[in-house]
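Peer 1: return atomic coordinates for the entry below.
(chains A, B, C and D)
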Protein chains: 2
Amino acid sequence: MDKPARTALDRDAWIRGAIDVVAADGVDGLRVEVLAKRLGVTKGSFYWHFKDRRDLIDAVLDTWREGRIRDIRKQTAAEPGKELEALNHTIDVYAAAKNRKGIAIEAAIRMWARQDAPTAAVVEEVDATRLDCTRALFVALGLPEAEAKARSVLLYAYVFGFSMMQCGRFPMDPAKTRRWITERITR
Amino acid sequence: MDKPARTALDRDAWIRGAIDVVAADGVDGLRVEVLAKRLGVTKGSFYWHFKDRRDLIDAVLDTWREGRIRDIRKQTAAEPGKELEALNHTIDVYAAAKNRKGIAIEAAIRMWARQDAPTAAVVEEVDATRLDCTRALFVALGLPEAEAKARSVLLYAYVFGFSMMQCGRFPMDPAKTRRWITERITR
DNA sequence: AGTTCTCCATACGGTGACGTATGGTTGGCG
DNA sequence: CGCCAACCATACGTCACCGTATGGAGAACT
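Peer 2: Next up is the predicted model:
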């Protein structure tokens, strides 16, 4: 009889801690011994749960990918006839940048993806899913395929670029500006 | 008589090499001994030209800041009456992403800015300049101040977000899509 | 009660990188 | 010719981190 319950939980604790570190210092800043100290244990624990540092990074990546895909699916879910609300909601949620940690993780993983091909594939998958979800909403609104695609690209590039720009400073642009931009993208 | 000509040139060679490394591996990947090997010399040379690693990073940052500010000024320069062309040209140049290395450097420095306050200030300055240059073009086109600002934010966020998205893959969107988006932003 | 399995601590060797100290080479100049 | 300054190589001590080997401590099972 295997009882991986506690083991699985501890592995997840490592992954959660790793995600915090990645958000703060990037993937390069993710060091086994440093993370161990943060968690109040030693390397001995780590190398029981993980094969090596790369194994942890892959686990972080997997967790991130599934979380992001589940999230975009949830945010863009819309009952028939409420697609416009869903789009506005999506822009609001993602461009609001209320979630600083999420943005930091996104930036870190994207940076890491430049050097690591498997990570690049994960990022590409997340991007494709996000583009597809919003594109589907525009299509449901009756727009032709080409325009729906163009609008989804604009939406995503804006939201993403915008969140990347304000790395640390306060919003800097009034709600009025955001409203104008949202209108411009969705209508 | 001081003859800093050759000295200054060699220091610049180090900076140029450092920029290449930053583009490829990020600021964290910028290591003194590794860069020295790349340049065919040893650390001895480095510590003659620079105080320490931080000194090199600051020099890279300075070079980047001045280059980016000069570039956006150049790209957005427009004779009276040709502001729309200038805007289209700007979007084309920056979103075309023909310059992969430039994008990589931008991403790396932005990532680094999350951990380093002085760098964050530099990034902020570049952002502000870029936003201001495009905003001025919209104002020259007769748009009210608020809308000019909103459009410049949309333009910049799009261009920047777009270039960040395709980290490695081929364009993926037809010229037609880009045209539609450009129209949407500028008119 | 003894054994086994899970989980973690400790100790070790190895590597890569930082910054310093010091010596050598070259070119210009008195 | 001899000297000095610019420029670089070599050698050194130090540190952070990786991954492994090994030894427990405690729960769980028999």
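
Peer 1: where along chain A do the helices fall?
Peer 2: A:5-25, A:32-39, A:43-49, A:53-75, A:83-95, A:100-113, A:117-140, A:145-165, A:175-186 (DSSP state H).

Peer 1: what residues sit buried inside stretch A:42-52?
Peer 2: Of all the residues in stretch A:42-52, those buried under the rule 16 or more other CB atoms under 10 Å in any protein chain shown are A:46, A:49, A:50. Every residue, glycine included, has its C-beta placed from N, CA and C.

Peer 1: in TSV, list the helices of chain A along with distance to residue B:161 and mean pLDDT.
Peer 2: Formatted as TSV, the helices of chain A follow (distance: least, CB to CB, whole Å; pLDDT from 0 to 100):
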stretch	distance to residue B:161	mean pLDDT
helix A:5-25	20	88
helix A:32-39	31	97
helix A:43-49	36	96
helix A:53-75	15	97
helix A:83-95	10	93
helix A:100-113	11	94
helix A:117-140	11	96
helix A:145-165	2	92
helix A:175-186	12	92
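
Peer 1: looking at those helices, which is buried most?
Peer 2: Ranked by average neighbour count under the criterion mean count of other CB atoms under 10 Å in any protein chain shown, these are headed by helix A:145-165 at a mean of 22.

Peer 1: before we move on, back to that, rebuild the buried residues of stretch A:42-52 as JSON lines, extending it with distance to DNA strand D.
Peer 2: Converted to JSON lines, the buried residues of stretch A:42-52 look like this (distance: CB to the nearest atom of the strand, whole Å):
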{"residue": "A:46", "distance to DNA strand D": "8"}
{"residue": "A:49", "distance to DNA strand D": "12"}
{"residue": "A:50", "distance to DNA strand D": "8"}
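
Peer 1: closest to residue B:57 out of the residues you listed?
Peer 2: residue A:46 (30.6 Å; CB to CB).

Peer 1: check the gap between the closest one and residue A:35 for me.
Peer 2: From residue A:46 across to residue A:35, the span is 7 Å (CB to CB, to the nearest Å).

Peer 1: now do residue A:147
Peer 2: Relative to residue A:35, residue A:147 is positioned 47 Å away (CB to CB).

Peer 1: returning to that earlier point: what do residue A:46 and residue A:35 both touch?
Peer 2: residue A:14 (CB atoms under 8 Å, 6 or more residues apart in numbering or on different chains).
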